[in-house]
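Colleague: this is a predicted model, with the sequence first.
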Amino acid sequence: MSGRVGDLSPKQAEALDEFRERIRDVYEKLPIQSDHYLLRWLRARSFSVNKAEAMLRKHVEFRKHMKVDSILEDWMPPEVIERYVSGGMCGYDREGSPVWYDVIGPLDPKGLLMSASKQDFLRTKIRESEFLRRECLWQSEKLEKPVESITLIYDCEGLGMKHMYKPAVEAYGEILTMFEENYPEGLKRVLVIKAPKIFPIAYNLIKHFLCEETRRKIIVVGSNWKDVLQKYVAPDQLPVAYGGLLVDPDGDPYCKSRIKYGGVVPKSYYIRDSVKVQYDNFVTISRGSDLQLEYEILVPNCLLRWQFASDGADIGFGIYMKTKAGVKQKVGDMQEVFPTTRYNAHLVPEDGSYTCEEPGIYVIRFDNTYSMLQSKKISFSVDVVLPETHTNSEGQA
């Protein structure tokens with residue numbers, strides 16, 4: 001049984017009756033008062049009444065704390081988010097559900113986080129979610145059938161290393177967690193299109209924020225993505241740029257009046273010290289010396305990711321691959337894979353990543369050999385992200 005109205009097993013119907021009775025004291029505070037809505041919470045917790053009740057009561061408090069009921073009327077995102085966060089709703093799928101586009105490539109994660117608070121991004125996602133919830137309600141009335149979820153088209157063209165910026169990944173993870181906890185069963189399907197080779201690594205960074213049911217709704221589409229999109233969205237509801245017939249009133253094939261495409265955030269928007277980085281390690285590198293850290297990579301295409309800052313002066317940084325295992329090698333005997341460069345990490349903290357295409361022992365090296373007079377205090381975090389290989393696929397080339 002699907003666990004929806006009209007398709008409940010006797011046990012599921014019993015759980016619904018019990019759930020309805022238990023949350024009677026907060027029922028009037030819910031944004032939608034119907035069995036359709038209550039069943040979303042039960043399905044999200046596999047019809048465990050105890051877990052669904054705890055989840056729903058937490059949501060009621062969330063709505064109160066974040067002033068969700070009035071967020072569409074009373075709050076607007078900062079200008080930098082309005083102008084430079086990409087995405088938007090455009091059209092409806094073949095079943096009448098709203099279609100939302102997330103356009104990843106043009107996003108400037110670091111610039112955005114330097115220009116607005118994490119709380120602003122969280123509120124923006126809440127505002128979008130409430131907009132889509134109301135859109136589903138209007139569609140339900142118009143079509144005279146329940147419309148409870150959306151189709152998400154995730155355009156990954158241009159996805160790259162800049163999107164791996166650790167504070168941005170962490171902030172995105174918090175936003176995903178908020179959505180999962182407060183808008184259960186809000187996604188019908190996620191269609192990932194134009195995914196580059198780096199997508200599995202990017203997905204692996206955020207997949208643990210998603211529940212198993214959401215992961216099953218992710219479809220990675222191959223080179224025939226335009227045909228696949230039309231399977232779910234009629235051509236007259238799909239922008240020309242995405243293989244359909246829809247254009248803006250001025251003929252724009254990208255439908256920019258409905259979908260924002262972001263861009264690089266001008267530094268005039270930056271807020272000083274808006275990003276507070278928490279480092280895992282703190283060391284002092286003596287004058288004329290270096291620090292070498294070994295990381296064993298067991299499978300191809302792992303991502304070696306780092307952040308560091310220095311105190312008082314610059315520091316050199318590079319990555320090497322050992323040519324002999326089990327022995328300490330000099331720098332000249334190792335293969336340099338990420339050239340050593342001096343960074344002004346005392347002025348601006350550095351972050352980056354490197355895809356380790358081959359298994360082996362990789363050595364991250366902080367270089368202070370050029371400084372004969374000054375020791376350097378270094379704060380840093382390094383982690384290894386495994387590539388994800390178990391995603392759904394449809395129409396792979």
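Modeller: Received the coordinates, thanks.

Colleague: so residue 202 sits in a helix?
Modeller: Yes - counting by DSSP: H, G, I helix; E, B strand; the rest coil, residue 202 falls inside a helix.

Colleague: local confidence estimate at it?
Modeller: Reading off the confidence values, residue 202 has pLDDT 93.

Colleague: that one against residue 159, yeah?
Modeller: Yes - in this structure, residue 202 is within contact of residue 159 by Cβ atoms under 8 Å, at 6.0 Å. Every residue, glycine included, has its C-beta placed from N, CA and C.

Colleague: now do the contacts for residue 320.
Modeller: Contact analysis of residue 320 by Cβ atoms under 8 Å, 6 or more residues apart in numbering lists 331, 334, 335, 336, 337, 362, 363, 365.

Colleague: are any of those residues buried, and if so which?
Modeller: 334, 337, 362, 363, 365 (16 or more other Cβ atoms under 10 Å).

Colleague: which of those residues sit farthest apart?
Modeller: Across the buried ones among the contacts of residue 320, no pair lies farther apart than 337 and 365, at 11.1 Å, counting by Cβ to Cβ.

Colleague: need the residues touching each of the two.
Modeller: Common neighbours of residue 337 and residue 365 (Cβ under 8 Å, 6+ apart) are 319, 320.

Colleague: so where is the stretch 251-397 of the chain shaky, pLDDT-wise?
Modeller: For the stretch 251-397 of the chain, the stretches flagged by pLDDT under 70 are 272-275, 347-348, 389-397.

Colleague: the strands in it, which residues?
Modeller: Ranges of strands within the stretch 251-397 of the chain are 281-285, 290-297, 302-311, 315-321, 335-343, 350-356, 360-367, 376-385, 393-394, based on DSSP state E, counting those that start in this stretch.

Colleague: what lines up beside the second one in the sheet?
Modeller: Strands adjacent to strand 290-297 in the sheet, as given by DSSP bridges, are strand 360-367 (antiparallel).

Colleague: burial check on the residue lying closest to residue 264 once chain neighbours are set aside, number of neighbours?
Modeller: Sequence neighbours aside, residue 108 is the residue nearest to residue 264 in space, at 4.9 Å (criterion: Cβ to Cβ, 6 or more residues apart in numbering). Residues lying near residue 108 (other Cβ atoms under 10 Å) number 22.

Colleague: any idea how far residue 354 lies from residue 5?
Modeller: Distance of residue 354 to residue 5, given as Cβ to Cβ, to the nearest Å: 51 Å.

Colleague: give me the more crowded residue out of the two.
Modeller: Using other Cβ under 10 Å, the more surrounded residue of residue 354 and residue 5 is residue 354, with 16 against 13.

Colleague: tell me how many other residues crowd residue 322.
Modeller: When neighbours are counted by other Cβ under 10 Å, residue 322 registers 18.

Colleague: I meant to write residue 330 there.
Modeller: Using other Cβ under 10 Å: residue 330 sits among 6 other residues.

Colleague: not counting its neighbours along the chain, what's nearest residue 176?
Modeller: With sequence-adjacent residues excluded and distances taken as Cβ to Cβ, 6+ apart, residue 176 is closest to residue 209, at 4.1 Å.

Colleague: what sits against residue 150?
Modeller: With Cβ under 8 Å, 6+ apart, residue 150 has these contacts: 97, 98, 99, 100, 132, 136, 186, 187, 188.

Colleague: out of those, which is nearest to residue 345?
Modeller: Distances from residue 345 to the contacts of residue 150, taken as Cβ to Cβ, are shortest for residue 100 (38.4 Å).
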